[in-house]
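Student: need coordinates for the below:
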Amino acid sequence: MTRVTITIKKSKYANKYGKLVFDDGTVLDGMGFGHSGIAFGEIVFNTGMVGYTETLTDPSYSGQILMMTYPLVGNYGVPDPTLVDKDGIQKHFESSRIQARGLVVHELSLVASHWNLHMTLDEWLYREKIPGISGIDTRELTKKLRTGGVRMAALVVSDSKIDTDDISKELAKAPHYNSERFMDVVSTSQEIVYGDDAESVIVIDTGVKNAILRNIRNLGYKVIKLPWNTPIEKILSYNPKGVVISNGPGNPQNCPETINIAKSLIEKNIPTLGICLGAQIIGIAGNTQTYKLKYGHRGQNKPCVNVENNQVYVTSQNHGYGITPESLDSSEFNLWFTNADDQTVEGIKHKTQNCVAVQFHPEASPGPYDCKFVFEELKKLMEERKPA
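Tutor: Residues are numbered from 1 along each chain as shown. Down below sits the predicted model:
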């Protein structure tokens with residue numbers, strides 16, 4: 001019988017001063033943990049019960065302060081970030097660093113215990129220079145954001161008392177999330193190849209999660225990750241079997257180069273899958289419009305309906321923008337998935353070309369694996385390619 005050692009570690013970087021300051025003047029006090037410093041960003045909430053490691057490293061959270069609605073966070077700690085699979089892709093992280101600018105929780109577990117534990121949550125935040133705050137009434141704060149919408153905030157952690165007036169003045173000068181451009185922060189700056197034994201699938205990196213790369217490799221294809229603004233001529237030079245436009249942060253309208261790439265892919269009938277931000281980019285390329293949701297969809301239990309067979313799937317999501325439903329009528333796309341809660345657009349299929357897109361995350365990480373079949377849809381497009 002195999003014996004498993006359960007590691008236990010205690011927090012080292014907690015019990016500091018902490019404040020959460022909003023652009024409407026609201027100030028919340030709590031216990032600071034992680035790195036002492038200040039972070040400005042759009043504050044959003046995620047309803048997932050687990051998966052803070054994957055969530056914090058999701059590049060789609062770049063520019064945001066993340067609040068977890070589940071009341072106790074950190075009890076299983078953080079695994080070893082150096083562990084990788086056979087292709088060199090990190091096993092337990094969705095990118096090489098924490099992408100969120102700050103973390104807000106109701107209660108930080110001061111003791112972490114798990115067989116895969118490498119460090120505590122507060123230690124991880126300290127190493128990555130990310131501030132965190134606990135002792136916040138996250139239930140009340142969630143209601144505030146659902147009612148008034150997401151807004152800009154400052155998260156401050158300090159070893160001494162905090163001057164709120166100074167923080168409010170700095171917050172007023174901070175760049176607004178809606179206008180920030182994130183591609184040079186989250187996208188690769190050069191070609192990266194995973195595997196060398198198969199036909200190629202190009203991933204246009206607008207903030208891609210590692211799980212997307214793993215799923216494409218599991219389909220049996222080599223993955224070539226390219227920068228968000230790679231010219232279409234360069235993409236076609238690889239003779240790709242297909243292309244994936246990835247998830248990522250921010251307003252899709254701030255990615256005009258990627259939108260032009262998507263237009264060319266559609267025109268040339270290259271089998272293409274868009275995920276999250278990639279879905280919005282593909283939608284714009286096919287004459288849909290996009291808009292900012294009031295508070296977004298972030299969690300692991302979002303029900304989506306496949307309108308082709310009326311099947312409901314539980315999905316993992318993380319996005320603050322979406323495709324305007326009414327714009328589909330005059331676009332190149334048909335509706336594929338819709339959100340069962342608010343009837344927002346969750347998936348589209350091109351009317352004539354080899355192009356599909358989903359707003360949710362079929363790769364999960366974290367979340368349910370109900371929708372991994374979307375990658376099989378891409379494989380079907382690539383292997384049974386309709387003529388241009």
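Student: which residue is nearest the middle of the protein?
Tutor: For the chain, the residue nearest the mean C-alpha position is Ser60 (3.2 Å; Cα atoms, centre = their mean).
Student: just the terminal-to-terminal distance for stretch 66-83.
Tutor: Start-to-end span of stretch 66-83 (Cα to Cα, to the nearest Å) is 25 Å.
Student: buried stuff in that stretch?
Tutor: Going by neighbour count (16 or more other Cβ atoms under 10 Å), the buried part of stretch 66-83 is 66-70, 73-79, 81. In this view, the C-beta of every residue, glycine as well, is placed from N, C-alpha and C.
Student: and stretch 333-340, by the same measure?
Tutor: Applying a neighbour-count criterion of 16+ other Cβ under 10 Å, one finds Phe333, Leu335, Trp336, Phe337, Thr338, Asn339, Ala340 buried in stretch 333-340.
Student: same question, stretch 229-243
Tutor: Neighbour-count burial for stretch 229-243 [16+ other Cβ under 10 Å]: Asn229, Thr230, Ile232, Ile235, Tyr238, Pro240, Lys241, Gly242, Val243.
Student: quick one: contacts for the first one?
Tutor: Residues counted as contacts of Asn229 (Cβ atoms under 8 Å, 6 or more residues apart in numbering) are Met183, Ser187, Glu257, Thr258, Ile261.
Student: quick one: secondary structure of it?
Tutor: What DSSP: H, G, I helix; E, B strand; the rest coil gives for Asn229 is coil.
Student: and the gap between it and Lys129?
Tutor: Applying Cβ to Cβ, to the nearest Å, the value for Asn229 to Lys129 is 28 Å.
Student: please produce a PyMOL select command covering the buried subset of the contacts of Asn229.
Tutor: Of the contacts of Asn229, the buried ones can be selected in PyMOL as follows, counting by 16+ other Cβ under 10 Å:
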select buried, resi 183+187+258+261
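Student: export the contacts of Asn229 to CSV and tack on secondary structure, pLDDT and distance to Thr53?
Tutor: Shown next, in CSV, are the contacts of Asn229 (DSSP: H, G, I helix; E, B strand; the rest coil; pLDDT from 0 to 100; distance: Cβ to Cβ, whole Å):
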residue, secondary structure, pLDDT, distance to Thr53
Met183, helix, 98, 24
Ser187, coil, 98, 22
Glu257, helix, 98, 31
Thr258, helix, 98, 28
Ile261, helix, 98, 31
